[in-house]
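Below is the sequence, then the predicted model.
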Amino acid sequence: MIRDPKHVARLLDSTRNFVRDVAIPNEERVERENAIPEEIVAQMRKLGFFGWSIPEEYGGAGLTTEELCLANMEISQCAVAYRARAGTNTGIGAEAIIQDGTEEQKRKYLPRLATGEITGCLAVTEPEAGSDLLGGLATTAVEDGDHYVLNGTKRYITNAPLADIFTVLTRSDPANKGGSGTTSFLVERATPGLSTGPEHKKMGQEGSPVSEVYFKDCRVPKSAVLGGVPGQGFRAVMKSLNKQRINLASLCTGPAIRLLDEALRHATTRKQSGKAIGEFQLVQAMLADCKVEISAARALILETARKRDLGEDVTMEVSMCKYYASEMAGRVADRVVQIFGGAGYCEDIGGSVPRFYRDVRLFRLYEGTSQIHQLNIARHLLRGER
Ligand SMILES: Cc1cc2nc3c(=O)[nH]c(=O)nc-3n(C[C@H](O)[C@H](O)[C@H](O)COP(=O)(O)OP(=O)(O)OC[C@H]3O[C@@H](n4cnc5c(N)ncnc54)[C@H](O)[C@@H]3O)c2cc1C
């Protein structure tokens with residue numbers, strides 16, 4: 001739902017300007033330095049990028065799902081690392097606090113997450129707990145007076161090397177293997193016993209740091225239990241991932257839009273056999289397939305966002321969005337490399353195209369692999385939902 005079209009148009013314009021004037025000209029620097037330069041992060045803070053999804057009463061923009069998706073489709077038209085820098089604050093690193101935090105937890109963290117003063121992250125995945133988060137969950141939280149003591153390892157945690165506040169899923173009741181045996185905690189970086197590992201060396205998305213997180217006899221007060229109630233950890237994480245899936249689907253769309261722009265530029269300037277390659281019908285077919293798939297993803301995402309804003313249950317639809325948009329981005333990137341020919345494979349000649357090809361590969365893996373979303377969609381269908 002769009003509340004005020006003029007306000008949203010201004011937000012989209014300022015995001016577009018940032019992408020064109022600041023982000024794209026600095027993409028190679030971000031890749032080379034493997035970090036977003038601090039002066040650019042400062043601009044992102046000033047533009048409010050860190051607080052898009054945080055409610056207005058806690059200092060954010062309080063965007064509706066539809067507004068957030070539209071903004072995401074703009075910010076993601078530059079190197080993925082930019083939106084990943086702000087993305088945990090306006091996504092998985094804040095969402096559990098927004099949806100399930102106590103009033104005290106909201107007041108303590110959300111205003112600073114909204115301005116980007118602090119960075120949040122969600123630490124759920126473990127070496128033995130990936131797609132089966134619950135079955136493999138080995139990080140423990142043991143009650144000890146007014147505290148809990150956390151032990152375990154989290155893996156592949158986006159922004160962990162930078163994060164100030166970690167939302168952490170643990171098994172708090174070893175006898176209960178279900179969701180009600182889990183508790184989520186809000187653990188501050190300075191807490192003794194919390195440490196982060198070196199950055200994972202990734203295939204792409206340079207500038208978006210990801211690492212392991214270690215808990216070794218890490219004592220946290222009971223006030224750090226998310227929502228103040230133990231036994232709700234898994235439920236809270238799944239609720240925030242449910243929102244995040246449509247968020248991520250819209251973030252898959254921007255790279256595809258940008259790649260198609262690059263492909264069109266190349267198709268009209270690159271000549272072979274005396275003609276622009278865009279005059280060859282087989283190249284035209286690839287361009288057309290990209291356009292159709294981008295438009296289909298956009299339509300599905302915005303329709304689902306509107307339904308979510310109306311309070312409808314969109315659990316199946318968000319899986320459809322995440323599955324389709326992430327696979328679509330992979331297919332678009334592959335076709336655009338094809339349209340670029342050898343240049344699409346050579347980083348020094350192909351510009352952003354080879355980088356996007358590597359960057360978008362991750363979309364099909366995190367926040368539920370494609371297979372997990374296929375299963376999810378089929379489960380809903382077999383239950384009789386249409
Ligand atoms: C760069 C990066 C950033 C990430 N950021 C975060 C983060 O911020 N926070 C966080 O908590 N996690 C994060 N993750 C973790 C991510 O969500 C997991 O990697 C993902 O959920 C898959 O888990 P896995 O890697 O253990 O793969 P596995 O679960 O081992 O899956 C391996 C393969 O088996 C398939 N498979 C597994 N189970 C089934 C099944 N039941 N049916 C059919 N096929 C199945 C999968 O689809 C996949 O193809 C990140 C990962 C990466 C790589």
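Okay, I see it. This one's a predicted model, so the numbers in the text were calculated from it and none came from an experiment.

Looking at strand pairing, list the partners for the residue of the stretch 201-350 of the chain found nearest the ligand.
Per C-beta to the nearest ligand atom, residue 210 is where the stretch 201-350 of the chain lies closest to the ligand, at 4.4 Å. Quick note: C-beta positions are derived from backbone N, CA and C, even for glycine. Beta-bridge pairing for residue 210 (DSSP bridges): residue 158.

Touching, it and residue 198? I think so.
No. Using C-beta atoms under 8 Å, residue 210 is not in contact with residue 198, being 10.5 Å away.

So the two - more neighbours on which side?
residue 210 (21 against 9; other C-beta atoms under 10 Å).

Pull up the per-residue confidence for the more buried one.
Confidence at residue 210, expressed as pLDDT, is 98.

Then residue 386?
82.

And for it, the neighbour number?
The burial count for residue 386: 5, using other C-beta under 10 Å.

do residue 218 as well
Counted with other C-beta under 10 Å, residue 218 comes out at 23.

give me the beta-bridge partners of it?
Under the criterion used (DSSP bridges), residue 218 bridges to residue 150.

right, and it touches residue 193 too?
Yes. With contacts counted by C-beta under 8 Å, residue 218 reaches residue 193, the gap being 3.0 Å.

Mind listing the shared neighbours of those two?
By the contact definition C-beta atoms under 8 Å, 6 or more residues apart in numbering, residue 218 and residue 193 are jointly contacted by residue 150.

List phi and psi for the closest residue to residue 217 other than its chain neighbours.
Sequence neighbours aside, residue 193 is the residue nearest to residue 217 in space, at 5.1 Å (criterion: C-beta to C-beta, 6 or more residues apart in numbering). Backbone geometry at residue 193, expressed as degrees, to the nearest 10, gives phi 100, psi -10.

Contacts only, for residue 193.
150, 215, 216, 217, 218, 219.

surely residue 154 meets residue 128?
No. Residue 154 lies out of contact with residue 128 (C-beta under 8 Å); the separation is 11.3 Å.

the more surrounded of those two?
Neighbours per residue (other C-beta under 10 Å) separate residue 154 from residue 128, with residue 154 holding more: 26 against 12.

did I read that right, that one in a helix?
No. Counting by DSSP: H, G, I helix; E, B strand; the rest coil, residue 154 falls outside a helix, being strand.

Show me the beta-bridge partners of it.
Beta bridges link residue 154 to residue 213 when assigned by DSSP bridges.

any idea how far residue 124 is from it?
With distances taken as C-beta to C-beta, to the nearest Å, residue 154 is found 7 Å from residue 124.

Would you mind grabbing the residues shared as contacts by those two?
residue 168.

can you give me the strands for the protein?
120-123, 140-144, 147-158, 165-171, 182-188, 194-199, 210-221, 271-272, 275-276 (DSSP state E).

which of the ones you listed sits most buried?
Using mean count of other C-beta atoms under 10 Å, the stretch among those with the greatest mean number of neighbours is strand 120-123 (a mean of 28).

in its sheet, what does that strand sit against?
strand 165-171 (parallel).

The partner strand relative to strand 140-144, how many degrees between them?
Angle between the axes of strand 165-171 and strand 140-144 is 90 degrees (criterion: axes from the mean of the first three to the mean of the last three C-alpha atoms, to 10 degrees).

which bits of the stretch 1-150 of the chain sit near the ligand?
Contact residues, the stretch 1-150 of the chain versus the ligand (C-beta under 6 Å from any ligand atom): 121, 122, 123, 124, 125, 130, 131.

now do 5 Å
122, 124, 125, 130, 131 (C-beta under 5 Å from any ligand atom).

From the opening residue of stretch 8-26 to its closing one, how far?
Distance between the two ends of stretch 8-26: 26 Å, counting by C-alpha to C-alpha, to the nearest Å.

List the buried residues in it.
Across stretch 8-26, burial judged by 16 or more other C-beta atoms under 10 Å covers 8, 11, 12, 15, 18, 19, 22, 23, 24, 26.

can I get those residues in CSV with distance to residue 163 and pLDDT?
Formatted as CSV, the buried residues of stretch 8-26 follow (distance: C-beta to C-beta, whole Å; pLDDT from 0 to 100):
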residue, distance to residue 163, pLDDT
8, 30, 96
11, 26, 97
12, 28, 98
15, 24, 98
18, 23, 98
19, 25, 98
22, 24, 98
23, 22, 98
24, 27, 98
26, 23, 98
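
Let me know the closest of the residues you listed to the ligand.
Of these, the one sitting nearest to the ligand (C-beta to the nearest ligand atom) turns out to be residue 23, at 20.0 Å.

Roughly how far does that closest one sit from residue 267?
From residue 23 to residue 267 the distance is 24 Å (C-beta to C-beta).

same thing with residue 241?
For residue 241, the distance to residue 267 equals 38 Å [C-beta to C-beta].

do residue 312 as well
40 Å.

Comparing the two, which residue is more hemmed in?
Between residue 312 and residue 267, counted using other C-beta under 10 Å, the more crowded position is residue 267 (20 against 11).

Many thanks, I have nothing further to ask.
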